[in-house]
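A.B. asks: The amino acid sequence is not available; the structure is as follows:
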């Protein structure tokens with residue numbers, strides 16, 4: 001399905017196509033678009049999940065597709081869950097995944 005997938009809408013800002021731009025959705029960091037692209041390819045799964053989670057949680061969905069594909073998100077889903085916050089149910093729905101209760105039952109405090 002992802003083979004012929006393409007983003008449905010243009011980005012919210014054409015600046016997001018420039019590597020030296022600081023994206024609006026990483027407001028707490030100094031990371032540029034170019035740096036984010038590298039972080040999203042990191043061999044360190046925890047690092048990749050943190051930055052992909054930040055992207056999914058903070059960016060407009062139409063901008064997410066500039067950086068990742070649905071298969072990328074699905075492939076990292078278990079590691080992404082902790083980083084998605086209130087966006088978790090929306091992404092589960094958009095990707096056709098089972099909704100996940102959070103925090104996981106084994107970590108919930110009584």
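C.D. replies: Here it is on my side, so go on. Since the structure is predicted, the reported quantities are computational estimates derived from the model, not experimental observations. Numbers count the residues shown, from 1 in each chain.

A.B. asks: looking only at pLDDT, what's the mean for stretch 22-29?
C.D. replies: Taken as a whole, stretch 22-29 has a mean pLDDT of 96.

A.B. asks: ok, and what's touching it?
C.D. replies: With contact meaning C-beta atoms under 8 Å, 6 or more residues apart in numbering, stretch 22-29 is reached by 13, 16, 30-33, 36, 54-55, 58-60, 63. Where you see a C-beta, it was placed from the backbone N, CA and C, and this is true even at glycine.

A.B. asks: Out of those, name the ones that lie in helices.
C.D. replies: Under the assignment DSSP state H, those contribute 33, 36, 54-55, 58, 63 to helices.

A.B. asks: Against residue 79, how distant is residue 55?
C.D. replies: 14 Å (C-beta to C-beta, to the nearest Å).

A.B. asks: ok, the two, which is more surrounded?
C.D. replies: residue 55 (23 against 15; other C-beta atoms under 10 Å).

A.B. asks: quick one: contacts for residue 37?
C.D. replies: For residue 37, the residues meeting the contact criterion (C-beta under 8 Å, 6+ apart) are 19, 67.
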